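Pasting the sequence and the predicted coordinates here, then a few questions.
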Amino acid sequence: MNTSDDTEKHRIDKWLWAARFFKTRSLASDAVECGKVLVNEVRVKPAKAVAVGDRLDIRIGQVQFVVDVLALSNKRGSAPDAQKLYRETDESRHRRETIAAQNKALPLPFHFKGRPTKRDRREIERLKKGGG
């Protein structure tokens, strides 16, 4: 893990990859390009230099992270090293936990092959009426 160095540039896409938010640099670059990553609430390009103290809003699917950059690195290391690069805000962590709890509480959707049978239709009607 590299610490902050004035002579070295740290691109946002490389930093996101090193911090293990994305599996590949190209995925990180695509996310930045599509506006799923904001730096200090501003949409940026993948070549944007990230600095210590920047606040990043990162959207990955339904999940949204709000993190403060604590250190800089262009090299992907172990997960514990990656977690030292940033600190997630308490509000962000709480929101993610709430969404995860809500998703766990949702019933699993039915997956039918072809048309539902008479028994399947009765089950669907029972669930629609709230007869649990």
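Cool, the structure landed.

export stretch 61-72 as PDB, just CAs?
Written as PDB, here are the backbone C-alpha positions of stretch 61-72 (Å, rounded to 0.1, in the frame of the first residue of the first chain):
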ATOM      1  CA  GLY A  61     -26.200  -2.200  -8.200                       C
ATOM      2  CA  GLN A  62     -28.700  -1.500  -5.400                       C
ATOM      3  CA  VAL A  63     -25.800  -0.800  -2.900                       C
ATOM      4  CA  GLN A  64     -24.500   2.700  -2.400                       C
ATOM      5  CA  PHE A  65     -21.300   3.400  -0.500                       C
ATOM      6  CA  VAL A  66     -20.300   6.900   0.800                       C
ATOM      7  CA  VAL A  67     -16.600   6.800   1.700                       C
ATOM      8  CA  ASP A  68     -13.900   9.200   2.700                       C
ATOM      9  CA  VAL A  69     -10.500   8.600   1.100                       C
ATOM     10  CA  LEU A  70      -7.800   8.000   3.900                       C
ATOM     11  CA  ALA A  71      -4.900   6.800   1.800                       C
ATOM     12  CA  LEU A  72      -3.900   6.400  -1.800                       C
END
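
Point out where the protein drops to low pLDDT.
Screening the chain residue by residue with the criterion pLDDT under 70, one finds the ranges 1-8, 108, 110-112, 131-132.

Do you have the helices of it handy? List them.
Using DSSP state H, the helices assigned to the chain run over residues 12-18, 25-33, 79-83, 90-105, 118-128.

Ok, which of the ones you listed comes nearest Lys48?
Distances from Lys48 to each of the helices of the chain were compared using CB to CB; the minimum, 4.8 Å, belongs to helix 12-18. Glycine gets a C-beta too; all of them are placed from N, C-alpha and C.

Which neighbouring elements make contact with that closest one?
The contact analysis (3 or more CB pairs under 8 Å, 6 or more residues apart in numbering; DSSP states H and E) places helix 12-18 against helix 25-33, strand 37-39.
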